[in-house]
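> here's a sequence, model it:
(chains A, B and C)
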Amino acid sequence: MQFHPWMLLSVGTAMFFIGLIGVVVRRNLLVILMCIELMLNAGNICFVAFSRMHQNLNGDLVAVFVMTVAAAESAVGLGLIIALYRTLKTVESEKLQLLRD
Amino acid sequence: MQPLFQLADTIPSSLHWQALSPLTLLAVGTLLTMVLSVVRIQTRRPAQIAAMTTLVFALIAVFGSASIPSADLFRGALEVSPLTRTAWAIMISSVLALMVGCSRYLTRERIHLSDYYHLLLLALLGACVLASARDLLVLFVSLELLSLPIYTLVAFRRNDPRCNEASIKYFVLGGVGGAILLFGSSFVYGATGTIRLAEIAARIPGLGPEMSPLFLMGWLLVLAALLFKVASVPFQMWKPDVYEGAPVPVAGVMATLVTTASFFALARWCLLIPAGFMNGVADHLLFASAMLSMVLGSFVVIGQTNLKRLFAYSSIANTGTMMLAISAARSDASVIGALWVYLAAYAIANVGAFILLSLSQTEADQGVELVDLAGLWSKKPWIVMFWSIFLLSMAGFPFTFGFWGKWLVLKSFAAQAGLGWVLVVLGCSVVSGFAYLRPIAVMTMRAPDETSAKWQWSVAGLVASTVAALATLGFGIYPKHMVELLKRISL
Amino acid sequence: MNAEIIAFIALSTIALVSALLVVLRENPVGSAFSLILSFFAVAGLYALVGAHFVAALQILVYTGAIMVLFVFVVMLLNADKPVLDFLKTSKWIKMTGAAAGIILLIVTGIALQPARTIQATGPWSTEQLIASGGHTRVLSLSMFSDHLFAFELTSFLLLAAIVATIALAKRRRS
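Numbering: from 1, shown residues only, chains lettered A, B, ... in the order given. Now for the predicted structure:
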């Protein structure tokens, strides 16, 4: 059996859906953030896999830039969580009930 | 080793540098604002002046570069054209008006940080690039550059738990949206082999029956992420909560800047694939989403008493109408001009409305409710006049700019859809019209109440809202130049 | 069954199992460490397919910066106590979530079928990369010519993240 990039693609897709279910199911905000990072990483894997398929370098480059963006986004997200913790003293998403319709 | 890549055609020529001057001025101005803000750390005055000067210069640069022909710069990553210049003009002027008009709000809430201006300028830079992105990577990065400062700005009143909650909600949903955008982009890249939108559009006809499902799935995922950003059904639930929790100027920025930039990107994305691609799945989905947003927004807006939630639902209804214009333009690309007119009218009306909203004085503990408007006619009649102008423009009354936007969208939509759908659209307009008239009725007819909020003019607010009101009425009564100009801009 | 396939199966199993553990573990610190392990495995996968620079960045940026920040914040907020938040989620949401996930996975699998047969050839096959000086060299040259604008924009994004985080952390001066 010869290695083909679509195997990497399946790994990426599976990881994306694991992350998506994690965001929906979990209640702890930090774990939700980790699942968002999982999803971004899965997107990266798919880009690298397609880059290998088309023997292009655009996919690898997108992966590099996305890593940077993910780092920036996680820094801001963690800052927001800390700010939330200072006022509400919790990181459980179900305790956020103030803004309901 | 011999050089593998050429740099020559990446760096723009001098003519194109002039076309890029608004973006360059914004970037340089942002950096200068940051440097100047440490001159006097205790206040935000240096940053405020520097930021407003930057915006004025950038706006002048947009009009100054008006005659330069369209081009795709940086090897196809960024577009400069009349379309992008229109987008930049609308966005820069909205942010300038909001910055000027809501400055009294910042003083009253004791938000002394000059980071407010830094973040606003950075978000504006991201929005301008988003409106002109011609590349999947630039689309993603500019969307994040637009979003990250807004997440922070929503949390700016840090002792208010509702602000923090709103920003976390927005952040989580926006983060998921960005990840979905990325995942979808990877499929689009996988099907076509390139990340430049121009080349993707060129390769779509050549996609065989094997690659089309892959491409369509990727396209739909990116569409879902963009629909989240403009709050269209089924991704609209975040908008009322986040608007209610955010500070008033930030909610105004979200209503005008984020929506405008996302609509330009959305229009570009929706018109990427031809009509009838893969049995018209995309057409049906777009139409359904547009109709449902309009209906939902129009009906739910009636029951709202909190003014910010009212504007959120009205924004959802407007999003639906604008998406109808996009879905009409998929069959006939020349009608996309209706969308630009509607967007401009919507931006101006919302800017004015949020500036007026920031003049109220009970933002700290509870939101501004409808009852706070009671009897305003006897105390501050000019505020009521201005409110009426902006609310009527949102409703689409004649003699306002909003009327021409609604009229053009209806005309373009009626040319393609059946009479039944047109009646649905008209019905929703009438229904939402009641919701816009209700605040006017409360202001003029209800007796004033001692416990309701105080409204206080500020000079800056007066100036900014006068400009917005004049624009709304002026372009409504004499639409010829503005409407014709915007109508003719094609994608 | 050559060594490449065996390595791929091993690394992808580690990556996917630890990704599942991120979602299923009750202790947030445990989730963080599972995520670190998953990222390491993914870096190994990148190196396996020949994207060496991306593999190095994955370890440096993702595990070295982002996950360290995560573990730091988890410890700072005392969130390392085990939280059985799964039990509080209603059965319906869990089942709907799992069902939706499986449906999405099947739909994506169908959409991805043609990917198995792509034999596209492009300018940068492995032999070409080796001949031109390696993956890193070609990637960096491409970054500064084809994607120059994205590069500059990302630097503004990092600036925005710094300003945003500092703005969130400042003490209020009244």
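> just give me the neighbour total for B:W17.
13 (other Cβ atoms under 10 Å in any protein chain shown). For the C-beta atoms, the positions are set from N, CA and C on the backbone; glycine is no exception.
> that one is in contact with B:L23, isn't it?
No. Counting by Cβ atoms under 8 Å, B:W17 does not reach B:L23; the two are 10.3 Å apart.
> state the helix or strand in which whichever residue of the stretch 301-450 of chain B sits closest to chain A lies.
Residue nearest to chain A within the stretch 301-450 of chain B: B:R309 (8.0 Å; Cβ to the nearest Cβ). Here B:R309, judged by DSSP states H and E, is contained in helix B:307-329.
> list the helices and strands that helix packs on?
In terms of contacts (3 or more Cβ pairs under 8 Å, 6 or more residues apart in numbering or on different chains; DSSP states H and E), helix B:307-329 is packed against helix B:238-245, helix B:248-253, helix B:259-270, helix B:281-300, helix B:337-357, helix B:401-414, helix B:419-445.
> let's see it at 7 Å
Applying 3 or more Cβ pairs under 7 Å, 6 or more residues apart in numbering or on different chains; DSSP states H and E, we find helix B:307-329 packed against helix B:238-245, helix B:259-270, helix B:281-300, helix B:337-357, helix B:401-414, helix B:419-445.
> which residues of the stretch 101-250 of chain B lie near chain C?
Of all the residues in the stretch 101-250 of chain B, those in contact range of chain C (Cβ under 7 Å from any Cβ of the partner chain) are B:110, B:112-113, B:115, B:118-119, B:122, B:125, B:129, B:137-138, B:141-142, B:144-145, B:148-149, B:152, B:155, B:158, B:190, B:193, B:210-211, B:213-214, B:217.
> what's the ChimeraX line that selects buried ones from those?
Here is the ChimeraX command that selects only those of those that count as buried (16 or more other Cβ atoms under 10 Å in any protein chain shown):
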select /B:112,113,115,118,119,122,125,129,137,138,141,142,144,145,148,149,152,155,158,190,193,211,213,214,217
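> buried residues of stretch C:61-70, list them for me.
Taking 16+ other Cβ under 10 Å as the neighbour-count basis, stretch C:61-70 is seen to contain the buried residues C:V61, C:Y62, C:T63, C:I66, C:M67, C:L69, C:F70.
> what is the end-to-end distance of it?
Across stretch C:61-70, the straight-line distance between its terminal residues is 13 Å, by Cα to Cα, to the nearest Å.
> any part of that stretch near chain B?
No. Stretch C:61-70 does not reach chain B (Cβ under 7 Å from any Cβ); its nearest approach is 13.1 Å.
> and B:S314, what does it touch?
Residues in contact with B:S314, defined by Cβ atoms under 7 Å, 6 or more residues apart in numbering or on different chains, are B:G297, B:V301, B:M394, B:S432.
> re the thing from before, for the helix holding B:R309, which residues meet the burial criterion?
Going by neighbour count (16+ other Cβ under 10 Å), the buried part of helix B:307-329 is B:307-329.
> still on that earlier bit, what is the burial count for the residue lying closest to the residue of the stretch 301-450 of chain B closest to chain A once chain neighbours are set aside?
For B:R309, ignoring the flanking residues on the chain, the nearest one in space by Cβ to Cβ, 6 or more residues apart in numbering or on different chains is B:P240 at 4.7 Å. The local packing count at B:P240 equals 25, with neighbours defined by other Cβ under 10 Å.
> wouldn't B:P240 be in contact with B:I316 here?
No. B:P240 lies out of contact with B:I316 (Cβ atoms under 7 Å); the separation is 8.3 Å.
> chain C versus A:M53, what's the distance?
For A:M53, the distance to chain C (Cβ to the nearest Cβ, to the nearest Å) stands at 5 Å.
> can you read off the pLDDT for that residue?
Here the pLDDT value assigned to A:M53 is 87.
> CA atoms only for stretch C:152-160 - export them in CSV, please.
As requested, the backbone C-alpha atoms of stretch C:152-160 are provided in CSV (Å, rounded to 0.1, in the frame of the first residue of the first chain):
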residue,chain,number,x,y,z
GLU,C,152,2.5,42.1,6.3
LEU,C,153,-1.1,41.7,7.3
THR,C,154,-0.2,38.9,9.8
SER,C,155,2.3,41.2,11.4
PHE,C,156,-0.6,43.7,12.0
LEU,C,157,-2.6,40.9,13.4
LEU,C,158,0.1,40.1,16.0
LEU,C,159,0.2,43.8,16.9
ALA,C,160,-3.6,43.7,17.3
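> off-centre distance for that stretch?
20 Å (Cα atoms, centre = their mean, to the nearest Å).
> cool, and stretch B:128-137?
For stretch B:128-137 - counting by Cα atoms, centre = their mean - the centre lies 15 Å from the chain centre.
> ok, back up a step: any chance of the buried residues of stretch C:61-70 in CSV, with pLDDT and secondary structure too?
Supplementary listing: the buried residues of stretch C:61-70 in CSV, determined by pLDDT from 0 to 100; DSSP: H, G, I helix; E, B strand; the rest coil:
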residue, pLDDT, secondary structure
C:V61, 93, helix
C:Y62, 92, helix
C:T63, 92, helix
C:I66, 94, helix
C:M67, 94, helix
C:L69, 93, helix
C:F70, 93, helix
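> which residues of chain A lie near chain B?
Of all the residues in chain A, those in contact range of chain B (Cβ under 7 Å from any Cβ) are A:16, A:23, A:29, A:32, A:36, A:39-40, A:42-43, A:46-47, A:50, A:53-54, A:56, A:58-59, A:62, A:65-66, A:69, A:72-73, A:76-77, A:80-81, A:83-84, A:87-88, A:96, A:98-99, A:101.
> so which of these belong to helices?
Judged by DSSP state H, the subset of these located in helices is A:16, A:23, A:29, A:32, A:36, A:39-40, A:42-43, A:46-47, A:50, A:53-54, A:58-59, A:62, A:65-66, A:69, A:72-73, A:76-77, A:80-81, A:83-84, A:87-88.
> intersect the residues of the stretch 101-250 of chain B next to chain C with the contacts of chain A.
The subset of these lying close to chain A, counting by Cβ under 7 Å from any Cβ, consists of B:L137, B:V141, B:E144, B:L148, B:T152, B:A155, B:R158, B:G190, B:G193.
> which of those residues sits closest to A:L9?
Distance to A:L9, by Cβ to Cβ, is smallest for B:G190 among those, at 7.7 Å.
> what ranges in the chain fall below the confidence cut-off?
With no chain named, the answer covers chain A. Counting by pLDDT under 70, the low-confidence segments of chain A come to A:1, A:94-101.
> actually it's chain C I care about, not the one you picked
For chain C, the ranges with pLDDT under 70 are C:1, C:79-90, C:115, C:118-120, C:171-174.
> now do the contacts for residue 40.
Reading this off chain A. A:V66, A:A70, B:A179, B:L182.
> that's the wrong chain, I meant chain B
Residues in contact with B:R40 (Cβ under 7 Å, 6+ apart) are B:P46.
> any of the residues of chain A next to chain B buried? List them.
A:16, A:23, A:29, A:32, A:36, A:39-40, A:42-43, A:46-47, A:50, A:53-54, A:56, A:58-59, A:62, A:65-66, A:69, A:72-73, A:76-77, A:80-81, A:83-84, A:87-88, A:96, A:98-99.
> ok so, going back, helices - which of the residues of the stretch 101-250 of chain B next to chain C land there?
The helices, defined by DSSP H, take in B:115, B:118-119, B:122, B:125, B:129, B:137-138, B:141-142, B:144-145, B:148-149, B:152, B:190, B:211, B:213-214, B:217 from these.
> distance of the residue nearest to B:R309 relative to B:L310?
For B:P240, the distance to B:L310 (Cβ to Cβ, to the nearest Å) stands at 9 Å.
> with B:W457 instead?
Applying Cβ to Cβ, one obtains 22 Å for the distance of B:W457 from B:L310.
> equivalent analysis for B:P479, please.
When Cβ to Cβ is the yardstick, B:P479 and B:L310 sit 27 Å from each other.
> run the chain-centre distance for stretch B:63-70.
For stretch B:63-70, the distance between its averaged C-alpha position and the chain's averaged C-alpha position is 23 Å (Cα atoms, centre = their mean).
> quick one: contacts of it?
Surrounding stretch B:63-70, the residues in contact under the criterion Cβ under 7 Å, 6+ apart are B:L15, B:Q18, B:A19, B:S21, B:V80, B:S81, B:R85.
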